[in-house]
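> Here is a sequence with its predicted model. Questions after.
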Number of protein chains: 2
Amino acid sequence: MIASEFEACQYARNQRKSSDVNDKNSSKRPTIYDLAELVGTSPTAVSSVLNGSWKKRRISQKLADKVLKAAQENGYTVNIQASVLRRERSNIVGMILPKYDNRFFGAIAEEFETRARAAGLFPVITCTQRDPALELAAARELLSYQVDCLISTGATDPDQISDLCRAAGVKTLNLDLPGTKAPSILSDNFTGARDLTRIILDACERDFGVVDPLLFIGGRKDDHNTQERLRGFLAAHTEREISMPQSQIISEGYAPEKARQSLMAMRRIPHGIFVNSTITLEGVVYWLQSLPAERASRIRCGTFDFDPFGALLPQNVGMVRQDVQGLLARTFEVIKSGKDSAETELVACHLEMPSF
Amino acid sequence: MIASEFEACQYARNQRKSSDVNDKNSSKRPTIYDLAELVGTSPTAVSSVLNGSWKKRRISQKLADKVLKAAQENGYTVNIQASVLRRERSNIVGMILPKYDNRFFGAIAEEFETRARAAGLFPVITCTQRDPALELAAARELLSYQVDCLISTGATDPDQISDLCRAAGVKTLNLDLPGTKAPSILSDNFTGARDLTRIILDACERDFGVVDPLLFIGGRKDDHNTQERLRGFLAAHTEREISMPQSQIISEGYAPEKARQSLMAMRRIPHGIFVNSTITLEGVVYWLQSLPAERASRIRCGTFDFDPFGALLPQNVGMVRQDVQGLLARTFEVIKSGKDSAETELVACHLEMPSF
DNA sequence: TTGAAAGCGCTAACAG
DNA sequence: CTGTTAGCGCTTTCAA
């Protein structure tokens, strides 16, 4: 572009701008060009003052003040789209998340935002409703927003998302559910479940003198986390040489009503119950209420996942609370380290005992 | 820019691109220029095929197919930043939200995303932790992402955010908490609370034969929604000519422990309790457990807000569930209508009665 | 039915 | 200490 033509562009700009000045209600937002003209300096100077790179450019305090003042007065906000387009990095970090409407994922979302902001990144979360097609579409969409990094939380097929990211040259990481093509960070479901099972077995022996196998209820057998918890559940029985009949393992989904029906249908009521989620616990509580008070008092249960109301149940002997802070601390450490080997890392759970 | 110089630009591009072709692992993502060269057509044609405007341009099916195929094979994703920069609209709709970690706000977040997507918009939610400074900063940040519309949910000072949006020429709307400078949509807290109070009063009269004033617990007196609920609570008493002593209204925040302590400190235990949130309900349940069973059974309570475990409490006679779907349906209708008068619109709540 | 050219607002490289 | 210039990837006239 030759000089005279650049001037022509500037002229066009000025035409637009000066008409805007007359018309305060114009929806046009001021740009660095507008501020530059107002202050009588160049767009570069304005830009560097506004984005903090002006110390490096050793711009005079006086000019900086004038620019800042003009920006303030005119309600200037940077156009990040333009800025991202020009820079190589967006500083956006994306996350896909199955649900918000759930204590565990809700806490993950908050912790993710807090830590992203603390790291100077802009967090964008997309909720994918456990729908594999939506997960993929959302991942693509976040990539088109030029995210620097994408976290798949509880994704149905994390590897497919890892592939998308790899193709786009974007860092990625699996949270809560492991994949084989990116680093994975998840709770130590096995140990948590084993410890919880021990607690329930202890309580049954202490309170009722029985050493029967517990009932495992909730979850889906094809779900990685349920499998791990079941493994811990079985390990705690094996170490005490308690044999486990298949009929004591009910994994027909998380739905409360399903759990209640299964419990109602049992010919022999168990003393100890391992509940695989707080959602399932709702069904268990519903069922407990249908029992005679005396019988209900002769039950002990523990739940994998935490809920404050669940913790207050008289039958409750413990809840496993996943360490959301720990999970996200590790997540951001891995992001920062730039590591991208597909290793799985486990974060220990907390066992919360009743406090009354 | 004169022709020869444009060619020079193209040449530079080609240099870069052809080196990328040799080096498949390059982190450079293909652009419409790359695809255009691959297919042997112009960037314009590629763009219009890819963004669906090609019917209008009457591009041949053959060319379209070639372009689509090339895009597929090269893992092309549009750069939205560039696209938004060029277009006048971003199709991004932003929301600031106090918390995710809460059934009500979690449900709002999900419903918001679902409806935004259905309307062809990209939803971005930012969680502001009930921090006024963060609310403002987040609003500014969303504006810098060129959102077409910004929804302030439960914001401390919605009017300040409305001002920011007005300055940027961006549509805005208050949800859950009203402001005076933008349309506001919120639950009908007054009616919901009045109806719930009636239910609790009825239960106390029916079950215990008493017509004493209820206890109101939870919330903050300076909170708009608490004020409205209190108004409904009082109205239900007034219509039955039950006078209300100040000591029966305890609004010292939502914290469970605070509620428990207040209840412990009461010299006379009430029969009926209006609980102002599920958070407060936790404290009430904790307190109930410290009571002798017989005494606990002689209490009836109702809660404003829904929790499935709360609904299963034997003392529970009703919970008010805010109509999240309704709130967001209206929100998107208002957005679509383009209306921006600062009217407040109320959405009725559901009263959920125990089902056992 | 297609392509050339300009420019959205910003930043980095370079030139003074 | 400050300014000029090019160009990020896209869409939108305008011209053919």
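Alright, I've got the coordinates.
> can you give me the strands in chain A?
With DSSP state E as the criterion, chain A has strands at A:92-97, A:122-127, A:149-153, A:171-175, A:184-187, A:215-217, A:219-220, A:249-250, A:252-253, A:272-275, A:300-304, A:316-321, A:344-347, A:350-352.
> Tell me which of these lies nearest to residue B:81.
strand A:92-97 (9.5 Å; CB to CB). Every residue, glycine included, has its C-beta placed from N, CA and C.
> Given the closest one, what are its sheet partners and their directions?
strand A:122-127 (parallel), strand A:149-153 (parallel) (DSSP bridges).
> picking up where we left off before, compare the strands of chain A and say which comes out lowest on pLDDT.
Confidence, taken as mean pLDDT, is least for strand A:252-253 of these (a mean of 90).
> before we move on, back to that, dump the strands paired with strand A:92-97 into a markdown table; add mean neighbour count as well.
As requested, the strands paired with strand A:92-97 are exported to a markdown table (neighbours: other CB atoms under 10 Å in any protein chain shown):
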| stretch | mean neighbour count |
| --- | --- |
| strand A:122-127 | 25 |
| strand A:149-153 | 27 |
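> Out of those, flag the one nearest residue A:133.
Judging these by CB to CB, what sits closest to residue A:133 is strand A:122-127, at 13.2 Å.
> for the nearest residue to residue A:192 once chain neighbours are set aside, phi and psi?
In space, and not counting its chain neighbours, residue A:192 is closest to residue A:349: 3.6 Å by CB to CB, 6 or more residues apart in numbering or on different chains. With angles defined as degrees, to the nearest 10, residue A:349 sits at phi -90, psi 160.
> dump the residue contacts of residue A:349.
A:187-189, A:191-192, A:320-323 (CB atoms under 8 Å, 6 or more residues apart in numbering or on different chains).
> and with 10 Å instead?
A:187-193, A:195-196, A:304-306, A:319-323, A:326 (CB atoms under 10 Å, 6 or more residues apart in numbering or on different chains).
> Could you export the strands of chain A as CSV, including distance to DNA strand C?
Formatted as CSV, these follow (distance: least, CB to the nearest atom of the strand, whole Å):
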stretch, distance to DNA strand C
strand A:92-97, 14
strand A:122-127, 14
strand A:149-153, 19
strand A:171-175, 20
strand A:184-187, 31
strand A:215-217, 55
strand A:219-220, 48
strand A:249-250, 57
strand A:252-253, 49
strand A:272-275, 52
strand A:300-304, 47
strand A:316-321, 42
strand A:344-347, 33
strand A:350-352, 43
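> Ok, which of those comes nearest residue B:331?
strand A:122-127 (16.8 Å).
> Tell me how many other residues surround residue A:33.
18 (other CB atoms under 10 Å in any protein chain shown).
> for residue A:261, same thing?
Neighbours around residue A:261, by other CB under 10 Å: 13.
> Quick check, it in contact with residue A:290.
No - using CB atoms under 10 Å, residue A:261 is not in contact with residue A:290, being 11.4 Å away.
> Point out where the stretch 251-356 of chain A drops to low pLDDT.
A:356 (pLDDT under 70).
> Residue of it nearest chain B, please.
residue A:309 (3.3 Å; CB to the nearest CB).
> so what's that residue closest to, chain neighbours aside?
Residue A:309's closest residue in space is residue B:309 (CB to CB, 6+ apart), at 3.3 Å.
> And residue A:29, by the same measure?
Nearest to residue A:29 is residue B:168, by CB to CB, 6+ apart, at 5.7 Å.
> how many other residues sit next to that neighbour?
22.
> can you tell me how far it sits from residue A:30?
10 Å (CB to CB, to the nearest Å).
> do the same with residue A:90
23 Å.
> Compute the number of surrounding residues for the residue lying closest to residue A:312 once chain neighbours are set aside.
Distances taken as CB to CB, 6+ apart put residue B:285 closest to residue A:312, at 5.1 Å, once the chain neighbours are dropped. Using other CB under 10 Å, the number of residues around residue B:285 comes to 24.
> repeat for the one 5 residues further on
Neighbour count for residue B:290, taken as other CB under 10 Å: 11.
> how close does it get to DNA strand C?
Counting by CB to the nearest atom of the strand, to the nearest Å, the gap from residue B:290 to DNA strand C is 59 Å.
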